[in-house]
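K.L.:
coordinates only, sequence not included:
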């Protein structure tokens, strides 16, 4: 499968480590706390505002930048208080990623700092050739075409020879339309299921990667 792929593009959160982890909970808490402070509201209000920002702008940060004046580095400063030790190293995933032929990139709506810390804790730093974060995309997140185009241009990626992994189906719609193979990490069903052509739904990332070898 995917023998023609020479570029592997993986989301970070809920993809390279499981959804529902303690790290994901810390991220959610940090974002809600920042929104609550910035908009002068409580946690309930912050949840409502976050949902509105994500629905309209793709990420809370992008929404906060458009609707008000906030320095993106200030918004993301909560990441410096995260305890990344709550996720464990994944040596099996490191082996599976390293076995993939060609280049490997992390493409995330988070920051490079967050990606570097998480990858380091997972033991995956050496598995990737680069990180494309929300700042590299000029604060325009997935699934917007400007973000994908900036990623493809920066690393010289030919879409028809690339595969993209993400836990959100909406983030895979445009890559699929551009000719990329897509793998939805949704944590349900069988370890992996081919939907059609070069598109899969995957519960177990490790199992899917091993199937490619």
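P.N.:
Yep, it's here. What you are looking at is a predicted structure, and each value in this text was computed from that prediction instead of being measured. Numbers count the residues shown, from 1 in each chain.

K.L.:
quick one, what contacts the nearest residue in space to residue 98 that is not next to it in sequence?
P.N.:
Nearest residue to residue 98 in three dimensions, chain neighbours excluded: residue 127, at 5.6 Å (Cβ to Cβ, 6 or more residues apart in numbering). Where C-beta positions appear, they are placed from N, C-alpha and C, glycine not excepted. Contacts for residue 127 (Cβ atoms under 8 Å, 6 or more residues apart in numbering) come out as 94, 97-98, 104, 119.

K.L.:
out of these, which are buried?
P.N.:
The neighbour count (16 or more other Cβ atoms under 10 Å) marks 94, 97, 104, 119 as buried among the contacts of residue 127.

K.L.:
Switch the residues you listed over to TSV; also include distance to residue 19 and pLDDT.
P.N.:
Listed next are these as TSV, based on distance: Cβ to Cβ, whole Å; pLDDT from 0 to 100:
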residue	distance to residue 19	pLDDT
94	20	98
97	19	97
104	21	98
119	17	98
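
K.L.:
all strands for the chain, in order.
P.N.:
Using DSSP state E, the strands of the chain run over 7-10, 103-107, 130-132, 162-166, 181-185, 192-196, 199-202.

K.L.:
contacting residues for the closest residue to residue 18 other than its chain neighbours?
P.N.:
Spatial nearest neighbour of residue 18, excluding adjacent residues (Cβ to Cβ, 6+ apart): residue 187 at 7.3 Å. Contacts here follow Cβ under 8 Å, 6+ apart; on that basis residue 187 touches 18-19, 167, 203.

K.L.:
before we move on, the earlier item: closest to residue 39 among the buried ones among the contacts of residue 127?
P.N.:
residue 119 (31.4 Å; Cβ to Cβ).

K.L.:
My understanding was that that closest one contacts residue 128; is that so?
P.N.:
Yes. Residue 119 is in contact with residue 128 according to Cβ atoms under 8 Å; the separation is 6.9 Å.

K.L.:
how close does the residue nearest to residue 98 sit to residue 9?
P.N.:
Using Cβ to Cβ, to the nearest Å, residue 127 is found at 13 Å from residue 9.

K.L.:
Return every residue with contacts to both of these two.
P.N.:
Contacts common to residue 127 and residue 9, judged by Cβ under 8 Å, 6+ apart, are residue 104.

K.L.:
now the residue lying farthest from the centre of the chain: how far from residue 56?
P.N.:
For the chain, the C-alpha farthest from the mean C-alpha position belongs to residue 40; by Cα atoms, centre = their mean, that distance is 28.7 Å. For residue 40, the distance to residue 56 equals 20 Å [Cβ to Cβ].

K.L.:
Kindly report the same for residue 25.
P.N.:
Distance from residue 25 to residue 56, by Cβ to Cβ: 24 Å.

K.L.:
same question, residue 79
P.N.:
Distance from residue 79 to residue 56, by Cβ to Cβ: 23 Å.

K.L.:
Just the buried residues of the contacts of residue 187.
P.N.:
With burial judged by 16+ other Cβ under 10 Å, the buried subset of those is residue 167.

K.L.:
give the contact list for the residue nearest to residue 4 when sequence neighbours are not counted.
P.N.:
Nearest residue to residue 4 in three dimensions, chain neighbours excluded: residue 161, at 6.1 Å (Cβ to Cβ, 6+ apart). By Cβ under 8 Å, 6+ apart, residue 161 lies in contact with 4-7.
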